[in-house]
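1. Would you be able to build a 3D model of this:
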Amino acid sequence: MRGNLIESVMGAVVLVVAALFLFFAFNTSQLRAVPGYELVADFERVDGVREGGDVRISGIKIGSIVGETLDSKTFLARLRLSIDPSVKLPDDTVAEIVSAGLLGDKYLSLVPGGSETLIPAGGQIKYTQSSVTLENLIGQMIFSSSGSKKPAEGEAPSEQQGQPQAAPGGAAPKR
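-> Predicted coordinates for the structure are as follows:
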């Protein structure tokens, strides 16, 4: 009987410690939605961005993504953002989807402009840059490196191939 009591107490202690750990982890991870005013931004692609994701300026969280929908008229992805009320954004702010690391999570980065006119609550961020996929970057690297082949010595550059070459001394080529 005494062994069961000790096991029950130890089990309760483990559960309390686990609950405290989860509470601490949730509070320090800033996963909570930021209460504030709402803005929208339209993007061609929102790969990797999720509802509840961060909105940051200079790496500092100032808001959250609270919704994502598809605009049925323009077929653009629309993100709804909740921005901290103490942060006022100029109307020439740029919203870009960036990666937290090479294979990391993506978040929305805001780059404020220099305008004195502010975006009102419920307004729209007009300037956006969609996410870039790793596959597109690799494809660009592969195809751009294959197109930069230098001609061998004595060989005409590719845009001049098939055209008559000047004879030594600047004389016109014989036909």
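
2. which residues of this structure fall in strands?
-> 37-43, 54-57, 60-70, 77-83, 94-99, 106-111, 124-125, 127-129 (DSSP state E).

3. got a markdown table for those, with mean pLDDT too?
-> Formatted as a markdown table, the strands of the chain follow (pLDDT from 0 to 100):
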| stretch | mean pLDDT |
| --- | --- |
| strand 37-43 | 95 |
| strand 54-57 | 94 |
| strand 60-70 | 94 |
| strand 77-83 | 95 |
| strand 94-99 | 92 |
| strand 106-111 | 94 |
| strand 124-125 | 95 |
| strand 127-129 | 93 |
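
4. quick one: the closest residue to residue 67 other than its chain neighbours from residue 108, how far?
-> Closest residue in space to residue 67, ignoring its immediate chain neighbours: residue 80 at 3.8 Å, by C-beta to C-beta, 6 or more residues apart in numbering. C-beta here means a position set from N, CA and C on the backbone, and glycine is covered the same way. As judged by C-beta to C-beta, to the nearest Å, residue 80 and residue 108 stand 11 Å apart.

5. quick one, which of those two is more surrounded?
-> residue 108 (24 against 15; other C-beta atoms under 10 Å).

6. Pretty sure that one sits against residue 61.
-> No: Residue 108 is not in contact with residue 61 according to C-beta atoms under 8 Å; the separation is 10.4 Å.

7. hey, what's in contact with both of these two?
-> 54-55 (C-beta atoms under 8 Å, 6 or more residues apart in numbering).

8. which residues do residue 80 and residue 108 both contact?
-> With C-beta under 8 Å, 6+ apart as the test, residue 80 and residue 108 both reach residue 65.

9. Quick one: residues contacting residue 50.
-> 65, 68.

10. Per-residue pLDDT of it, please?
-> For residue 50, the pLDDT comes out at 90.

11. As CSV, the strands of the chain with distance to residue 17 would be great.
-> Output for these, formatted as CSV (distance: least, C-beta to C-beta, whole Å):
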stretch, distance to residue 17
strand 37-43, 39
strand 54-57, 29
strand 60-70, 28
strand 77-83, 33
strand 94-99, 35
strand 106-111, 31
strand 124-125, 44
strand 127-129, 45
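
12. And those: which comes nearest residue 145?
-> Of all the strands of the chain, strand 94-99 sits nearest to residue 145, with 22.5 Å by C-beta to C-beta.

13. Cool, thanks, signing off.
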